[in-house]
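Chemist: Structure for the following, please:
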Amino acid sequence: MGLFDSIKNTANQSFGAAPSNGFRSREIVFSNLPDTFEQFTSMPQAALSTPFDTAAMAVLAFCFYPQNSELSLEMVNYLRGPRPLSPMDKSFIKDRFRDSDYVPRSYFKGATTQNDYQPSQPYTVKVAENPYSYQNQNYAKLFVFSGGADNPRELVMRLAKDGKWYLWEQFILVGIRQPESSDPWA
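Modeler: Purely as a prediction, here's the structure:
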């Protein structure tokens, strides 16, 4: 079974809020989704050659958590490079998925509250920078847009000596609007 096959596929809605003034964005497209860690690390974006690729790969890695938390954490550790997740980090991630497994997939194009955050294909993540994204040397603060939030969420990548952009911090596992199918008020 594929990563998003268990989600009802209803309407294909437009992707969340448009970037505000000052944001320049790129769309990172995944033509195929991986089933294994080896497939994940062999994807073109896994070269981590740009902070945009790393940000999009982080979204993808967290999408695996509800199905296979160990695989997801292995993917996230790959993205973090020489700084693996601590036990506290792992506990935080586990807590974020306690009530809402749909948050990471809400960052894919087409995923909205109306369609239970079912992404459209090809799987696309819009990643944006703003005029302040590169204020600190060797760090990039980028943003991803959710179909269930009014404001973009932040990820910070750090450039290492090997020329790769590693995931330094993420603020994408925060609450968003729940899917309409599970919202008694919708």
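Chemist: Could I get the phi/psi values of the residue nearest the centre of the chain?
Modeler: Taking C-alpha atoms, centre = their mean as the criterion, residue 59 is the residue nearest the geometric centre of the chain, at 1.6 Å. Per-residue torsions, residue 59: phi -60, psi -50 (degrees, to the nearest 10).
Chemist: Give me the phi and psi angles of the closest residue to it other than its chain neighbours.
Modeler: Closest residue to residue 59 apart from its sequence neighbours, by C-beta to C-beta, 6 or more residues apart in numbering: residue 107 at 4.6 Å. C-betas here are computed from N, CA, C, even on glycine. Here is the backbone geometry of residue 107 (degrees, to the nearest 10): phi -90, psi -10.
Chemist: Let me know how buried residue 107 is, in neighbour terms.
Modeler: By the measure other C-beta atoms under 10 Å, the count of residues near residue 107 is 32.
Chemist: And residue 183, by the same measure?
Modeler: There are 10 residues near residue 183, going by other C-beta under 10 Å.
Chemist: Contact partners for it?
Modeler: 113, 177 (C-beta atoms under 8 Å, 6 or more residues apart in numbering).
Chemist: can you pull out the strands in this structure?
Modeler: Using DSSP state E, the strands of the chain run over 24-30, 123-129, 139-144, 153-159, 165-170.
Chemist: For the chain, which segments count as helices?
Modeler: 37-41, 51-63, 69-80, 87-96 (DSSP state H).
Chemist: Which one, of these, ends up nearest to residue 127?
Modeler: Minimum separation from residue 127 across these (C-beta to C-beta) falls at helix 51-63, 4.6 Å.
Chemist: Quick one: list the elements packing against that closest one.
Modeler: Where contact means 3 or more C-beta pairs under 8 Å, 6 or more residues apart in numbering; DSSP states H and E, helix 51-63 is packed against strand 24-30, helix 37-41, helix 69-80, strand 123-129, strand 139-144, strand 153-159, strand 165-170.
Chemist: Residue 4: which of these is closest?
Modeler: strand 123-129 (8.1 Å).
Chemist: Need the residues that contact that closest one.
Modeler: 15, 19, 23-30, 33, 52, 55-56, 59-60, 107-110, 140-145, 152.
Chemist: try stretch 31-51
Modeler: 2-4, 28, 30, 53-54, 56-57, 60-61, 71, 74-75, 78-79, 81, 122-123, 140, 142, 157, 159, 163-166.
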